[in-house]
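Peer 1: Build me a model:
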Amino acid sequence: MSDACDVLVIGAGCAGIQAACAAASESAHVLVLDGLELDGLQAPMQDAAAWNPWLSDAQSPGCRLIGWRPGHTALELLLDASGAVRGAAGVAGEDETPWRIAASTVVIASAQTLLMAAEAGADLCGMEAGHGGLRICGYANGGASSVEGLYAASPAAWSVLASGAGLPRGTQAHALLSGQQAGAAAAHESAMRQRPFAAALEPAGCAGLRGSGHRPANPMATLAAVQAVRRSLGTASPDDARASEALERLDALWLFICNAAPAARGALCATRAAACQVALARWQLRSLLARRASEAEHLARECVVARGVDQVCTSTELRESLAVASRRSSTPLPLFAS
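Peer 2: Alright, predicted model coming up:
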């Protein structure tokens with residue numbers, strides 16, 4: 001099954017629904033995907049109706065611009081010839097029927113989408129904290145990632161709110177505002193672009209999908225191996241020797257799942273979920289090792305993960321809100337503890 005829309009939203013939580021409504025308010029035709037079946041999707045939609053009248057009136061113009069696709073799990077993003085994100089592919093239902101959806105822009109609003117975003121080339125931030133997300137390229141860009149056409153809202157985004165908003169990450173208010181920003185910005189970009197053809201787009205996914213091995217990876221065994229590595233670390237801040245050994249094991253596990261034969265239908269979602277856990281563990285541990293900083297530096301700088309699927313590259317950079325402030329002030333900011 002293939003389809004097309006202006007803005008594709010992956011994740012039907014609070015932020016995802018708000019992103020869909022914000023995009024629809026800009027007259028964009030929106031599709032919302034979520035891996036849950038319809039009954040599981042009703043709860044967040046009903047909660048959202050209390051603050052968004054479009055969802056409480058199915059005949060309103062905004063609601064008619066939003067299509068709902070429950071039971072659709074996105075497995076990978078689709079790229080055009082220039083490398084811009086222009087849709088997604090995945091499976092639907094218990095029999096994992098394949099689907100492809102082309103879109104002018106894509107908003108991800110689920111932490112389970114970080115692997116597919118990294119495979120498409122997106123940078124990550126905050127992984128050492130255990131709950132990082134996509135690096136947002138500028139507060140003024142409304143949740144734009146480092147890859148053209150890809151936007152992120154909480155909990156898939158590390159930072160989406162303008163400096164001084166004062167909303168703690170993880171709260172419903174933060175999710176609503178991040179969804180609003182990402183959805184509106186994605187709609188603005190989609191208005192300047194034509195919808196692509198799904199058949200002309202290339203999939204960006206790898207792990208568990210396109211390996212050349214003789215046998216597919218066992219997702220349960222993969223998850224067990226990741227948990228064993230986590231237990232071997234012992235503490236939240238392991239010493240370098242234990243961390244290096246754990247990284248070697250995680251890198252070997254990642255190489256194995258990437259080279260294994262593609263998962264069969266019925267095991268695609270489980271295999272990709274296991275691959276995501278391997279990727280998360282690698283990002284978190286590498287970011288933790290790259291950090292090794294004082295509390296003052298931790299507050300002033302963020303750890304960026306680039307090329308985040310095979311050859312992971314980590315670096316620490318000045319947080320954008322502070323970088324902007326430093327450019328506007330002649331007084332250098334105190335970045336490190338004395």
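Peer 1: quick one, what contacts the closest residue to residue 94 other than its chain neighbours?
Peer 2: Using CB to CB, 6 or more residues apart in numbering and skipping the chain neighbours, the partner closest in space to residue 94 is residue 266 (8.0 Å). Glycine gets a C-beta too; all of them are placed from N, C-alpha and C. The neighbourhood of residue 266, defined by CB atoms under 8 Å, 6 or more residues apart in numbering, consists of 94-96.
Peer 1: Dump those into CSV; add distance to residue 175, pLDDT and secondary structure as well.
Peer 2: Below are the contacts of residue 266 laid out as CSV (distance: CB to CB, whole Å; pLDDT from 0 to 100; DSSP: H, G, I helix; E, B strand; the rest coil):
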residue, distance to residue 175, pLDDT, secondary structure
94, 29, 89, coil
95, 32, 93, coil
96, 29, 95, coil
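Peer 1: from the residues you listed, which is closest to residue 113?
Peer 2: Checking these against residue 113 with CB to CB, the nearest one is residue 96 at 17.6 Å.
Peer 1: surely that closest one meets residue 270?
Peer 2: No - applying CB atoms under 8 Å, one finds residue 96 not in contact with residue 270, separated by 10.0 Å.
Peer 1: how deep is residue 182 tucked in, by neighbour count?
Peer 2: 35 (other CB atoms under 10 Å).
Peer 1: Output whichever strand or helix holds it as PDB, restricted to C-alpha atoms.
Peer 2: Using DSSP states H and E, residue 182 maps to helix 172-190. C-alpha atoms of helix 172-190 as PDB (Å, rounded to 0.1, in the frame of the first residue of the first chain):
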ATOM      1  CA  GLN A 172       2.500  17.700  28.800                       C
ATOM      2  CA  ALA A 173       2.900  21.500  28.300                       C
ATOM      3  CA  HIS A 174       6.300  21.000  26.800                       C
ATOM      4  CA  ALA A 175       4.900  18.300  24.500                       C
ATOM      5  CA  LEU A 176       2.100  20.500  23.400                       C
ATOM      6  CA  LEU A 177       4.300  23.400  22.600                       C
ATOM      7  CA  SER A 178       6.900  21.300  20.900                       C
ATOM      8  CA  GLY A 179       4.200  19.700  18.700                       C
ATOM      9  CA  GLN A 180       2.800  23.100  17.800                       C
ATOM     10  CA  GLN A 181       6.200  24.400  16.700                       C
ATOM     11  CA  ALA A 182       7.200  21.300  14.700                       C
ATOM     12  CA  GLY A 183       3.800  20.900  13.000                       C
ATOM     13  CA  ALA A 184       3.600  24.500  12.000                       C
ATOM     14  CA  ALA A 185       7.200  24.600  10.600                       C
ATOM     15  CA  ALA A 186       6.700  21.300   8.700                       C
ATOM     16  CA  ALA A 187       3.500  22.700   7.100                       C
ATOM     17  CA  HIS A 188       5.300  25.900   6.100                       C
ATOM     18  CA  GLU A 189       8.100  23.900   4.400                       C
ATOM     19  CA  SER A 190       5.600  21.400   2.700                       C
END
